[in-house]
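Trainee: any chance you could fold what I've pasted below:
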Amino acid sequence: MKLSALLAFFLVLCSSTFSPSAFAVSSVDFDIKGVSGDIEDNIDSYLSTIAVPKGNNYTFFESKVRKNITESIQVFGFYTPEITINLTLDDDELLAFINIKLGPRVKLAHVNIQVNGEAGDDPLFVKLLNTKPLISGTNLSHKDYEKLKADITKLALARGYFDGKWQKSEIRVSIKKHLADIDLIFDSKTRYTFGESVLSNQTKSASIISELATFNVGQEFESNLVAEYSLALFNSRYFQSASVAPDLNARKDGKVPIIITVVNHPSNTYEVGVGFLSDVGFRGSLGWKKPWINSRGDSISADIEYSTIQQEFTLNYDIPIEDPITNLAKIQLGFQRKDNKDTYSKLFTFQLQRQFELESKWLRTWFIKFEQEDYTQASQSDSTVMVLPGVSFARTKQRGGVDPYWGNQQLFSFETASKYWGADTDMLKIQSRTKYLRSINRTHFFTSRVDLGAIYVDEIESVPASMRFFAGGSQSIRGYDYETVTPVDDANAYIGGRYLTVGSLEYGYQFAEKWRIGLFADAGTSTNDFSEPISVGIGTGIRWLTPIGPVKLDFAVPVNSDTDTKYTFHLYIGPEL
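Mentor: Numbering: from 1, shown residues only. Okay, here's the model as predicted:
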C-alpha cells in the first residue's frame, strides 16, 4: 500500500512538472520589419486577435500569425508577400520576429459600377459615382471597395430607396497576373415618399407637432428632413424629448409612414440662480414657466431678479404664429426698481413684440414699448412717459455646448420716441454688442467684445435715467464699480451719457480638464462729448468648467480711476456666449 501510494505521488509530480502548462507563455511581443503606416497598423490590429499559445506547440500559433498577416496585407492589394517568422522564448514571453516583403501590388483592370433604378438619375448618386476612388489602372484597395459599397447603401437608405438590393458585388483577383476585376451593381428600385405622420402617444401638442413639420405627405423621402424635424421638436420649448423615425416595416404603395414620439415638459418648471459681485453684492433670480396654456401652444413665464441695488420682475406671454420656435408674438409686462449711487428709479413697462427668424438665422424682433418712469438722477428728478417703437436683430452661433470653443454673438437694436405719438421727448437710440470666441486646440481661448451705443437727442437730461448709458462692472469694464464710468455734473454726481464705447480682450489657457485661467483688459467710456479719458481695467481670473457652464472668478484693477476704487472681483456663472 505504501509503495502504491509513493508511485501515485511520483506520477502526479511528473505530470505537473512536464505537462504543457509548465511551458506556458504569458505574453507575446511582435517585432515587425518591412512595413509601416496604415499597413503596419492593420497588421497590428489583426495580430491582436490571436490568443497567446498554450504549451510548447508553436506550429499552430505560427500558422495563425502568417494567415492573419496575409489577410491584413491583402486589404491593400498585396497578394504575394514573403513573410519570415522567427519565434524565441524569453522566460515566459514569446518574441515573434517578423520580416515582410510585400511584393507586387494588384492593379484594377475592369471596374464595373452601376446604380440602376430611379437612383440612377438621382443627383447625389451621380455625384457619388463621379468621385469614386475605384478606377481602372489604380491600385486595388479593399478598404475603398467596402467604403464605396457602404456609401451607396447608406445613401440609398437616406434617400428613401428602401427596397434597393445588390445584384452583384464581388472582387475577382488574378494572383498570377496581379490584376483584379470589380463588379458593383446596385438596383435601387423606386424611391419612397413621405406617408402620414403618426403620433405614438396621446398628447395635446398635436397641432404644434404638425406646424413644426419639415416635409409634406407625398414629398420624396430625405433622412435629413427627418433629422431636422426631430431637432425642431426637441429645440422647441414644449418637449423634454422628441424622436421622428420612418416606419420601414409599414411601408407600402411607395409611401413610408413617420412615427413621432414626444414627451411633454412638466406643466410648470422653475429655475433658481444665485451669485455675488463685489460691485453689486448678492444677486438672486427665480424663474417660473408654464409651457402649455392651450392646444395652440401659448406659454407664460415670469422672472424675478434681486440684487442689493436693483430688483426686477418680468411677466411674458408667448403666442406661436405658424412656427412656434421662430415665429412668435409676445406680450411683456415689467417693473424695475433701481437704487445705485446717484440713480434712483421706478420703471413700469408694457411691451408688444413680433419675433421672426430670417433665412440668414438672424432673429428679427419688431417691438413697441410703453414706459412710465419716476427717477432721480444726480440732482434731477422727473417723471416721464415714453412710447418707443423699434426693431432688433440678434444672432448667436457657437460650437461646444455650455462651454463653447468657437462662437459669434451679435445684437443690434434701434428704438425711437417722438412727441407726435405721445412720448415726452424726441430721440433715437442705437445700441450694439458684438462678441467673438476662438480657440486653438481647445487649449488657448481668445475672446473679444465690443459694445457701442448712441442716443440722438437735444439734451441728455430729457432722456429717462434707465435709457442713458453707464459703463463699468462685470459685464462692462472690469476694475470699476458698477455704472461708475459716466459723465458727472458740477457736484461730481453721475448723470449718464449719450454715447457708449467699450471694448474687451481676453486670453484663456486651459491647464487642466476642468480648469482654465484668464488674462483680460477692458477699456471704454460713457460720455456726452468724449472729453473724458478712456477708462482701462486689467485683471486675471479662474474658470471652473461645470455641466451648467463655467463658474468664473475675476480679479481686476482700474488703471486710471479717479475714484477710491482699488480693485473689484466678480463671481458669476454662465457660458461665454
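Trainee: what segments of the stretch 1-150 of the chain are helices?
Mentor: 2-18, 37-47, 59-74, 123-130, 142-158 (DSSP state H, counting those that start in this stretch).
Trainee: and the angle for the third one with helix 142-158?
Mentor: Computed with axes from the mean of the first three to the mean of the last three Cα atoms, to 10 degrees, the direction of helix 59-74 lies at 60 degrees from that of helix 142-158.
Trainee: what about helix 59-74, distance to the chain center?
Mentor: In terms of Cα atoms, centre = their mean, to the nearest Å, the centre of helix 59-74 is set 45 Å apart from its chain centre.
Trainee: rewinding a little: format the helices of the stretch 1-150 of the chain as CSV; extra columns: mean neighbour count, mean pLDDT and distance to residue 271.
Mentor: C-beta: built from backbone N, CA, C; applies to glycine. Formatted as CSV, the helices of the stretch 1-150 of the chain follow (neighbours: other Cβ atoms under 10 Å; pLDDT from 0 to 100; distance: least, Cβ to Cβ, whole Å):
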stretch, mean neighbour count, mean pLDDT, distance to residue 271
helix 2-18, 9, 43, 70
helix 37-47, 15, 92, 49
helix 59-74, 16, 92, 56
helix 123-130, 13, 93, 44
helix 142-158, 17, 94, 39
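Trainee: low-confidence ranges in this protein?
Mentor: 1-23, 275-280, 563-565 (pLDDT under 70).
Trainee: and the longest strand for it?
Mentor: strand 380-399 (DSSP state E).
Trainee: which positions in that one come out as buried?
Mentor: 384, 386, 387, 388, 389, 390, 392, 393, 394, 395, 398 (16 or more other Cβ atoms under 10 Å).
Trainee: send over the helix or strand just after that strand as PDB, restricted to the C-alpha atoms.
Mentor: Using DSSP states H and E, the next helix or strand after strand 380-399 towards the C-terminus is strand 406-417. Only the C-alpha atoms of strand 406-417 are listed here, as PDB (Å, rounded to 0.1, in the frame of the first residue of the first chain):
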ATOM      1  CA  TRP A 406     -16.000  78.800 -31.000                       C
ATOM      2  CA  GLY A 407     -18.700  81.300 -31.500                       C
ATOM      3  CA  ASN A 408     -20.100  84.700 -32.500                       C
ATOM      4  CA  GLN A 409     -22.800  86.800 -30.900                       C
ATOM      5  CA  GLN A 410     -24.300  89.900 -32.400                       C
ATOM      6  CA  LEU A 411     -27.100  92.200 -31.200                       C
ATOM      7  CA  PHE A 412     -28.300  95.400 -32.800                       C
ATOM      8  CA  SER A 413     -31.200  97.500 -31.700                       C
ATOM      9  CA  PHE A 414     -32.900 100.700 -32.900                       C
ATOM     10  CA  GLU A 415     -35.700 102.500 -31.000                       C
ATOM     11  CA  THR A 416     -37.100 105.900 -31.300                       C
ATOM     12  CA  ALA A 417     -39.500 108.300 -29.500                       C
END
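Trainee: and residue 530, what element?
Mentor: Counting by DSSP H and E, residue 530 is found in no helix or strand.
Trainee: residue 538 now?
Mentor: strand 535-546.
Trainee: tell me the strands beside that strand, with direction?
Mentor: Sheet pairing here is set by DSSP bridges, and for strand 535-546 it gives strand 515-527 (antiparallel), strand 549-558 (antiparallel).
Trainee: give me the contacts around the last one.
Mentor: With contact meaning Cβ atoms under 8 Å, 6 or more residues apart in numbering, strand 549-558 is reached by 402-403, 474, 478-480, 516, 518, 520, 522, 535-544, 565-576.
Trainee: nearest spatial neighbour of residue 352, chain-adjacent residues omitted?
Mentor: Closest residue to residue 352 apart from its sequence neighbours, by Cβ to Cβ, 6 or more residues apart in numbering: residue 368 at 5.3 Å.
Trainee: and if you look at residue 496?
Mentor: Nearest one to residue 496, counting by Cβ to Cβ, 6+ apart, is residue 468 at 2.9 Å.
Trainee: ok, and the closest non-adjacent residue to residue 554?
Mentor: residue 541 is the one closest to residue 554 (Cβ to Cβ, 6+ apart), at 3.7 Å.
Trainee: on the strand side of things, show who that neighbour bridges to.
Mentor: residue 518, residue 554.
Trainee: about what we covered before: of the strands paired with strand 535-546, which is nearest residue 208?
Mentor: strand 549-558 (28.7 Å; Cβ to Cβ).
Trainee: show me how the record splits this structure into domains.
Mentor: When the chain is parsed with automatic domain parsing, its domains come out as 23-101, 107-187, 193-264, 269-573.
Trainee: against residue 336, how distant is the residue lying closest to residue 380 once chain neighbours are set aside?
Mentor: Of all residues not flanking residue 380 in the chain, residue 461 sits nearest, at 5.9 Å (Cβ to Cβ, 6+ apart). Separation of residue 461 from residue 336 (Cβ to Cβ, to the nearest Å): 20 Å.
Trainee: comparing these two, which shows the higher neighbour count?
Mentor: residue 336 (18 against 15; other Cβ atoms under 10 Å).
Trainee: buried stuff in stretch 233-250?
Mentor: For stretch 233-250, by 16+ other Cβ under 10 Å, it's 233, 236, 237, 238, 239, 242, 243, 244, 246.
Trainee: what's the farthest-apart pair in those residues?
Mentor: 237 and 246 (26.3 Å).
Trainee: and the residue nearest to residue 380, helix, strand or coil?
Mentor: helix (DSSP: H, G, I helix; E, B strand; the rest coil).
Trainee: surely residue 28 is in contact with residue 94?
Mentor: Yes: counting by Cβ atoms under 8 Å, residue 94 is a contact partner of residue 28 at 4.6 Å.
Trainee: find residues that contact each of those two.
Mentor: 52, 53.
Trainee: and the contacts of stretch 152-163?
Mentor: Contacts of stretch 152-163 (Cβ under 8 Å, 6+ apart): 115, 117-119, 122, 124-125, 128, 164, 166, 184, 186, 188-193, 220-224, 248, 251, 256.
Trainee: now the buried members of the residues you listed.
Mentor: Buried among these (16+ other Cβ under 10 Å): 115, 117-119, 122, 125, 128, 164, 184, 186, 188-189, 191-193, 221-222, 251, 256.
Trainee: distance of residue 129 from residue 229?
Mentor: Distance from residue 129 to residue 229, by Cβ to Cβ: 29 Å.
Trainee: same thing with residue 298?
Mentor: Residue 298 is 22 Å from residue 229, by Cβ to Cβ.
Trainee: tell me which of the two has more neighbours.
Mentor: Between residue 298 and residue 229, residue 229 has the larger neighbour count (other Cβ under 10 Å), namely 21 against 16.
Trainee: now find how far off-centre the helix or strand harbouring the more buried one is within its chain.
Mentor: Using DSSP H and E, residue 229 falls within helix 223-235. Here helix 223-235 is found 16 Å from its chain centre; the criterion is Cα atoms, centre = their mean.
Trainee: check which element follows that helix along the chain.
Mentor: Helix 223-235 is succeeded, C-terminally, by strand 239-246 (DSSP H and E).
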